[in-house]
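Undergrad: build the 3D model from these lines:
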Amino acid sequence: MCIRDSFTFLDPRRRKSETRGLVRVASLASLPGSGEPRKFPVLDTLVDAWNKTENVPVGAVYVQKTGENTVRVLSAVCPHLGCSVGYNATSHGYFCPCHRSSFAVDGRVQDPKSPSPRAMDELEAEVRNGDVWVKYQNFRKGSPDKIPV
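TA: Take a look at the predicted model:
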(Lines give C-alpha, C1' and ligand atoms only; values in the text may rest on other atoms or scores of the structure.)
Protein backbone atom coordinates (compact mmCIF):
# COMPACT_ATOMS: atom_id res chain seq x y z
CA MET A 1 0.00 0.00 0.00
CA CYS A 2 1.39 3.40 -0.92
CA ILE A 3 1.44 6.42 1.44
CA ARG A 4 -1.34 8.17 -0.50
CA ASP A 5 -3.66 5.18 0.11
CA SER A 6 -2.91 5.40 3.86
CA PHE A 7 -4.10 9.00 3.96
CA THR A 8 -7.28 8.07 2.12
CA PHE A 9 -7.89 5.19 4.51
CA LEU A 10 -7.44 7.46 7.56
CA ASP A 11 -9.48 10.33 6.14
CA PRO A 12 -12.24 11.18 8.70
CA ARG A 13 -14.63 12.11 5.91
CA ARG A 14 -14.76 8.43 4.97
CA ARG A 15 -16.00 7.52 8.45
CA LYS A 16 -19.63 7.78 9.43
CA SER A 17 -20.58 10.00 12.33
CA GLU A 18 -21.88 8.17 15.35
CA THR A 19 -24.58 9.23 17.76
CA ARG A 20 -25.04 8.05 21.32
CA GLY A 21 -28.46 6.45 20.80
CA LEU A 22 -31.18 8.05 22.89
CA VAL A 23 -31.16 11.84 23.15
CA ARG A 24 -33.25 14.13 25.35
CA VAL A 25 -35.73 16.17 23.30
CA ALA A 26 -38.20 17.63 25.80
CA SER A 27 -39.60 17.55 29.30
CA LEU A 28 -42.84 15.69 29.81
CA ALA A 29 -44.22 18.81 31.54
CA SER A 30 -43.83 20.80 28.28
CA LEU A 31 -46.43 18.61 26.55
CA PRO A 32 -50.12 19.47 26.77
CA GLY A 33 -52.34 16.99 28.57
CA SER A 34 -54.79 17.21 25.65
CA GLY A 35 -52.55 14.97 23.55
CA GLU A 36 -51.82 17.65 20.97
CA PRO A 37 -48.34 17.03 19.50
CA ARG A 38 -45.50 19.52 19.83
CA LYS A 39 -42.52 19.81 17.50
CA PHE A 40 -39.01 19.71 18.96
CA PRO A 41 -35.54 19.85 17.40
CA VAL A 42 -33.27 16.86 17.94
CA LEU A 43 -29.79 17.90 19.07
CA ASP A 44 -27.10 15.27 19.35
CA THR A 45 -23.36 14.86 19.82
CA LEU A 46 -21.61 13.81 16.62
CA VAL A 47 -18.25 12.06 16.69
CA ASP A 48 -15.94 11.38 13.78
CA ALA A 49 -12.31 10.22 13.71
CA TRP A 50 -10.92 13.33 15.42
CA ASN A 51 -13.82 15.58 16.44
CA LYS A 52 -16.65 15.57 18.94
CA THR A 53 -19.29 18.22 18.28
CA GLU A 54 -22.09 18.72 20.80
CA ASN A 55 -25.64 20.06 20.27
CA VAL A 56 -25.71 19.51 16.51
CA PRO A 57 -29.22 19.72 14.97
CA VAL A 58 -29.85 16.32 13.36
CA GLY A 59 -33.60 16.53 12.79
CA ALA A 60 -36.98 17.25 14.34
CA VAL A 61 -39.73 15.20 15.94
CA TYR A 62 -43.33 15.54 17.03
CA VAL A 63 -43.92 14.40 20.61
CA GLN A 64 -47.44 13.58 21.78
CA LYS A 65 -48.40 12.72 25.33
CA THR A 66 -50.46 9.50 25.23
CA GLY A 67 -50.71 8.80 28.96
CA GLU A 68 -49.45 10.04 32.30
CA ASN A 69 -45.90 8.83 31.59
CA THR A 70 -46.11 7.69 27.95
CA VAL A 71 -45.50 9.44 24.65
CA ARG A 72 -45.65 8.85 20.92
CA VAL A 73 -42.78 10.29 18.91
CA LEU A 74 -43.00 10.73 15.13
CA SER A 75 -40.28 11.89 12.78
CA ALA A 76 -41.06 15.27 11.22
CA VAL A 77 -39.76 13.94 7.88
CA CYS A 78 -42.30 12.77 5.29
CA PRO A 79 -41.70 9.12 4.31
CA HIS A 80 -42.57 9.94 0.69
CA LEU A 81 -39.62 12.14 -0.35
CA GLY A 82 -38.26 13.62 2.87
CA CYS A 83 -40.02 16.99 3.04
CA SER A 84 -40.77 18.55 6.42
CA VAL A 85 -44.23 17.65 7.73
CA GLY A 86 -46.32 20.24 9.58
CA TYR A 87 -49.03 19.77 12.18
CA ASN A 88 -52.42 21.41 11.69
CA ALA A 89 -54.23 21.86 15.03
CA THR A 90 -57.53 22.70 13.29
CA SER A 91 -57.71 19.40 11.38
CA HIS A 92 -55.86 17.44 14.11
CA GLY A 93 -53.41 15.94 11.65
CA TYR A 94 -50.14 16.29 9.81
CA PHE A 95 -49.68 17.60 6.30
CA CYS A 96 -46.76 17.46 3.87
CA PRO A 97 -46.85 20.51 1.58
CA CYS A 98 -44.59 18.97 -1.08
CA HIS A 99 -46.97 16.37 -2.51
CA ARG A 100 -50.06 16.79 -0.34
CA SER A 101 -49.66 13.71 1.85
CA SER A 102 -51.85 13.87 4.94
CA PHE A 103 -51.55 11.89 8.15
CA ALA A 104 -53.78 11.35 11.19
CA VAL A 105 -52.58 12.53 14.61
CA ASP A 106 -51.19 9.02 15.27
CA GLY A 107 -49.17 9.16 12.02
CA ARG A 108 -51.34 6.87 9.87
CA VAL A 109 -51.86 7.85 6.22
CA GLN A 110 -55.17 9.71 6.24
CA ASP A 111 -55.99 9.84 2.52
CA PRO A 112 -55.81 6.56 0.53
CA LYS A 113 -54.73 8.64 -2.51
CA SER A 114 -51.76 10.00 -0.59
CA PRO A 115 -48.43 9.58 -2.39
CA SER A 116 -46.78 8.54 0.88
CA PRO A 117 -46.05 4.80 0.76
CA ARG A 118 -46.37 4.37 4.55
CA ALA A 119 -47.35 6.07 7.77
CA MET A 120 -45.10 8.64 9.44
CA ASP A 121 -42.11 6.99 11.07
CA GLU A 122 -42.63 6.37 14.77
CA LEU A 123 -39.40 6.47 16.77
CA GLU A 124 -38.33 4.58 19.84
CA ALA A 125 -38.83 6.76 22.91
CA GLU A 126 -38.91 6.56 26.67
CA VAL A 127 -39.68 8.83 29.59
CA ARG A 128 -36.89 9.10 32.19
CA ASN A 129 -37.19 11.29 35.28
CA GLY A 130 -39.76 13.52 33.60
CA ASP A 131 -37.82 13.92 30.32
CA VAL A 132 -38.56 12.47 26.88
CA TRP A 133 -35.65 10.60 25.30
CA VAL A 134 -35.72 9.53 21.65
CA LYS A 135 -33.67 7.23 19.45
CA TYR A 136 -33.53 9.48 16.40
CA GLN A 137 -32.91 7.81 13.06
CA ASN A 138 -33.77 8.21 9.41
CA PHE A 139 -35.51 5.70 7.18
CA ARG A 140 -35.47 5.05 3.44
CA LYS A 141 -37.79 7.44 1.60
CA GLY A 142 -40.35 6.23 -0.92
CA SER A 143 -40.41 2.66 0.36
CA PRO A 144 -43.51 0.97 1.81
CA ASP A 145 -41.18 -0.64 4.37
CA LYS A 146 -39.57 1.23 7.26
CA ILE A 147 -35.91 0.56 6.46
CA PRO A 148 -33.25 2.34 8.58
CA VAL A 149 -30.54 4.20 6.67
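Undergrad: and the strands in this protein, which stretches?
TA: 22-27, 38-47, 52-65, 71-75, 86-88, 93-96, 101-104, 125-128, 131-135 (DSSP state E).
Undergrad: those: which one's closest to residue 144?
TA: Comparing the strands of the chain against residue 144 with CB to CB, the closest turns out to be strand 101-104 (13.5 Å). Where C-beta positions appear, they are placed from N, C-alpha and C, glycine not excepted.
Undergrad: state the mean pLDDT of that closest one.
TA: Average pLDDT, strand 101-104: 95.
Undergrad: flag every buried residue along it.
TA: 101-103 (16 or more other CB atoms under 10 Å).
Undergrad: again with stretch 138-147
TA: For stretch 138-147, the neighbour count (16+ other CB under 10 Å) marks 139, 141 as buried.
Undergrad: check the offset of that stretch from the chain's centre.
TA: In terms of CA atoms, centre = their mean, to the nearest Å, the centre of stretch 138-147 is found 13 Å from the chain centre.
Undergrad: tell me which residue is most central in this structure.
TA: Residue closest to the mean C-alpha point of the chain, counted by CA atoms, centre = their mean, is residue 75 at 3.4 Å.
Undergrad: from memory it sits against residue 123, does it?
TA: Yes. Between residue 75 and residue 123 there is a contact at 6.0 Å, judged by CB atoms under 8 Å.
Undergrad: anything in contact with each of those two?
TA: 61, 136 (CB atoms under 8 Å, 6 or more residues apart in numbering).
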